[in-house]
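[1] Using only what follows, build the 3D model:
(2 chains)
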Number of protein chains: 2
Amino acid sequence: MAQRRRRERQIVIDIQTEPQPSDLGDVRVTNRAVVLRHVRRHAPCSRADIAAHTGLNKATVSSLVTELIDRRLLRETGLTENRVGRPATMLVLDGEPYAALGMEIGADELVVVAVDLGGNRLLTWRRAFAAPLAAPAETVRALATLARRAINRVNGQGRTILGLTVGVPGLVDTAGTVPLATALGWRDVPVATALRAALRDPDFTIAVDTDANLAVVAEQRHGVYAGTADLVHLTGGATVGAGVLTGGRPLRGARGFAGEVGHVPVDPAGPVCECGRRGCLTALVALPAVVRRLLPDVEVDGPVTDWLPELERVQTLARQEDPGVLAGLAEIGTHLGHGVSILANLLNPQVVTMGGHFAVLAPWLLPAARAELHARALAPAAGGCQLVASRLGATATALGGATVALATVESGRLPVS
Amino acid sequence: MAQRRRRERQIVIDIQTEPQPSDLGDVRVTNRAVVLRHVRRHAPCSRADIAAHTGLNKATVSSLVTELIDRRLLRETGLTENRVGRPATMLVLDGEPYAALGMEIGADELVVVAVDLGGNRLLTWRRAFAAPLAAPAETVRALATLARRAINRVNGQGRTILGLTVGVPGLVDTAGTVPLATALGWRDVPVATALRAALRDPDFTIAVDTDANLAVVAEQRHGVYAGTADLVHLTGGATVGAGVLTGGRPLRGARGFAGEVGHVPVDPAGPVCECGRRGCLTALVALPAVVRRLLPDVEVDGPVTDWLPELERVQTLARQEDPGVLAGLAEIGTHLGHGVSILANLLNPQVVTMGGHFAVLAPWLLPAARAELHARALAPAAGGCQLVASRLGATATALGGATVALATVESGRLPVS
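    Just a heads-up that it's a prediction; the model follows:
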């Protein structure tokens, strides 16, 4: 039996990651994470439920639960389970004393989301702000102002903030600096350092990541395909990028620059991209390219700030079955499918979700995009890759940022008292 | 200090992978792996060295070492360390009683490599075999014959085989079946099952993976850039594929089909590929395309079986600075750099190694390939990506297969007695 199991298991090696010596402290951290995860998914549940489903023994569960109640990460509901034998007290996530923040710098707005430990939204604020027209320092100041308001609100509820993560539409290195964000006109902006200084060095983690990397975390936790281990999210809007989870882990690459599908060449004869190259995916399917292609009367040479009216006009024309707009959307869908086929060949995801204007225009883009994906991907049936519209809307990146900021506690480490 | 550290650490979340309850058995497995790894890298070393460098306490190290000596995974050398105080007995990997096998089905040969626990080669055999001209069942029979000879040789040395991993130039699913291998003319060949049956159900793991996935493991362990966490290996030969390690882990995707860079379109006006599409990277830079482009007098319409004479002729002409051949190699290098730029944009590797004919022709391909990589990658300096020739030669895939087959023991699990 053991041999049979050994045979069927796929061998997964992890050559690089140095195995770390393990001690009883690590065991407790791991088991704390297991208990928190179980309660998050199955609350309300009893100590006995946790023991039965996790394989941990009852004494261990009892000790961990006592500690987690003490630190106000769990609480007893007062309810008891209706069953034979001694009634069991039911547990839920408390998280009352804690919150995490996520923010986004978009091409036309700043966003902040706060969530509690269970991932429930405490606040979602959007503020119109044309970052491409502002100096980077001005944008960081506006971001800090919005952050301070959210911090004050959350602190005023008696909650401790566990962390803040900001999403940016561009390259972000591991120190939280943005070497390049064409959609914002940025080069070498040290966002994490500047925001930390503007917030006067607060006692929580401040991290910066690409908008796509945070949005895929939101999809993985809150989206229609939540729980998918091999998941890619394609951001739509002023620019196009991919956030990639592979085997449940974020794909970052050596310097944090992975997922730049927006500047893969798709049509060598296509238009010149904002990056200076010709025929990039971004130059063919990002929102400015879509408006330029479908609404030739609109002036789109300036910076993209607020595209909602144009996007709504495209939707209206598509609903009215305007032949030019329908043909244009099919063409854009084909380019999009071409880009997704490259993701499918290289990453073999189970699901690719599309956000931004791709989600809004999905009814007209998807048929052509899926056909092109299947025609171009090498593996049979595109390796099982499903291409779908996201349903998380415009605040997915900020929601993902807040989710990431919960990671320390979710991994079983106790918050700083 | 703790806060400072918390700030500087990059947040890495692992949302999908369910945290598993941990117990003392797991701790022992982890610590066993730590001890084995330390000895593999720093042998000869004493118990005290291990304790000092791993952070494990001396009693734990002593108990683990006793067990590992007992199972003949470590042995005492008889040497002692020349130092103040009580002399310490030095330890090395034993591995005498164990071996692992790796094999490759290439377009023109079968390869088998056996290594001991320290990764030292025990045997390397290559047998000319034109798999594209044979039926899949015939190829598996030839593979099994070669495997049996290697197994007998290794068993005859008194060694127990820990596992066997076979590399195939095509798609391989998680069950070890090959849905598609254009270079071999295969569709839906259940290699793992067929080989297991042909070897009469031996008492060790038999796994199948793509040639590229195994070659990148060999690079990571034995190559010039050994130890690189974000590493891509590009196979050259009858076909082109990528094996990807990201954060030290193999990138596989949902069904095991990740890394198919060979069929990403590079030139829409290029030649028709063996997969039926036009302008794939394979159709421009794989060995048949290179021979077709550089030696127009050679007939390359049949299956590729033994291309060494042609490859040597290309080298000779390049050394003689034949202008047509040099221009052709620069053009091929440009296409190659284009393909690598897509890998750089999506995966942001630190190093891309090139094997097969790319390594042989590297002096003439690399300048153009590197220039194109830097021109096309979005991140400054191509995100730090270095493009280099592999030095592992033609048996890298089989060596990687043997390395993978050691994984169970290296992860701290004891071999089946």
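
[2] so where is chain A shaky, pLDDT-wise?
    Applying pLDDT under 70 to chain A flags residues A:1-25, A:81-86, A:300-306, A:416-417.

[3] what's the domain layout of it?
    Domain assignment for chain A, taken from automatic domain parsing, gives A:20-93, A:98-216+A:398-410, A:224-391.

[4] In JSON lines: those domains, plus mean neighbour count and distance to chain B.
    Where you see a C-beta, it was placed from the backbone N, CA and C, and this is true even at glycine. Output for these, formatted as JSON lines (neighbours: other Cβ atoms under 10 Å in any protein chain shown; distance: least, Cβ to the nearest Cβ, whole Å):
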{"stretch": "domain A:20-93", "mean neighbour count": "16", "distance to chain B": "4"}
{"stretch": "domain A:98-216+A:398-410", "mean neighbour count": "21", "distance to chain B": "4"}
{"stretch": "domain A:224-391", "mean neighbour count": "21", "distance to chain B": "2"}
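
[5] Let me know which of those domains is the nearest to B:Val29.
    domain A:20-93 (8.6 Å; Cβ to Cβ).

[6] for the closest one, the distance to its chain's centre please.
    28 Å (Cα atoms, centre = their mean, to the nearest Å).

[7] Kindly reformat the domains of chain A as JSON lines containing distance to B:Val272.
    Listed next are these as JSON lines, based on distance: least, Cβ to Cβ, whole Å:
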{"stretch": "domain A:20-93", "distance to B:Val272": "51"}
{"stretch": "domain A:98-216+A:398-410", "distance to B:Val272": "34"}
{"stretch": "domain A:224-391", "distance to B:Val272": "14"}
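
[8] and B:Lys58, which of those domains is closest to it?
    Smallest distance to B:Lys58 across the domains of chain A (Cβ to Cβ): 12.8 Å, for domain A:20-93.

[9] Quickly find the element holding A:Ala375.
    A:Ala375 is part of helix A:362-376, with elements assigned from DSSP states H and E.

[10] Could you name the helices and strands sitting against that helix?
    If contacts are counted by 3 or more Cβ pairs under 8 Å, 6 or more residues apart in numbering or on different chains; DSSP states H and E, helix A:362-376 sits against helix A:323-347, strand A:386-389.

[11] what's the angle from the longest one to helix B:323-347?
    Between the axis of helix A:323-347 and that of helix B:323-347 there is an angle of 90 degrees, by axes from the mean of the first three to the mean of the last three Cα atoms, to 10 degrees.

[12] what distance separates helix A:323-347 from the centre of its chain?
    22 Å.

[13] For stretch A:399-413, C-alpha coordinates in CSV please.
    Output of stretch A:399-413 as CSV, limited to C-alpha atoms (Å, rounded to 0.1, in the frame of the first residue of the first chain):
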residue,chain,number,x,y,z
LEU,A,399,-8.6,43.8,-1.9
GLY,A,400,-5.6,41.5,-2.8
GLY,A,401,-3.2,43.9,-1.1
ALA,A,402,-5.2,43.7,2.1
THR,A,403,-5.3,39.9,1.8
VAL,A,404,-1.5,39.8,1.4
ALA,A,405,-1.1,42.0,4.5
LEU,A,406,-2.9,39.3,6.5
ALA,A,407,-0.3,36.7,5.6
THR,A,408,1.8,36.9,8.7
VAL,A,409,-1.0,36.0,11.0
GLU,A,410,-2.4,33.5,8.6
SER,A,411,0.9,31.7,8.5
GLY,A,412,0.6,31.1,12.2
ARG,A,413,2.7,34.0,13.6
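
[14] hang on, the earlier thing: out of the helices and strands packed on helix A:362-376, which comes closest to B:Gly163?
    Going by Cβ to Cβ, the one of the helices and strands packed on helix A:362-376 nearest B:Gly163 is helix A:323-347, 27.2 Å.

[15] Does that closest one pack against any helices or strands, and if so which?
    Judged by 3+ Cβ pairs under 8 Å, 6+ apart, helix A:323-347 is in contact with strand A:231-235, strand A:241-246, helix A:281-285, helix A:287-294, helix A:308-319, strand A:351-354, helix A:362-376, helix B:323-347.
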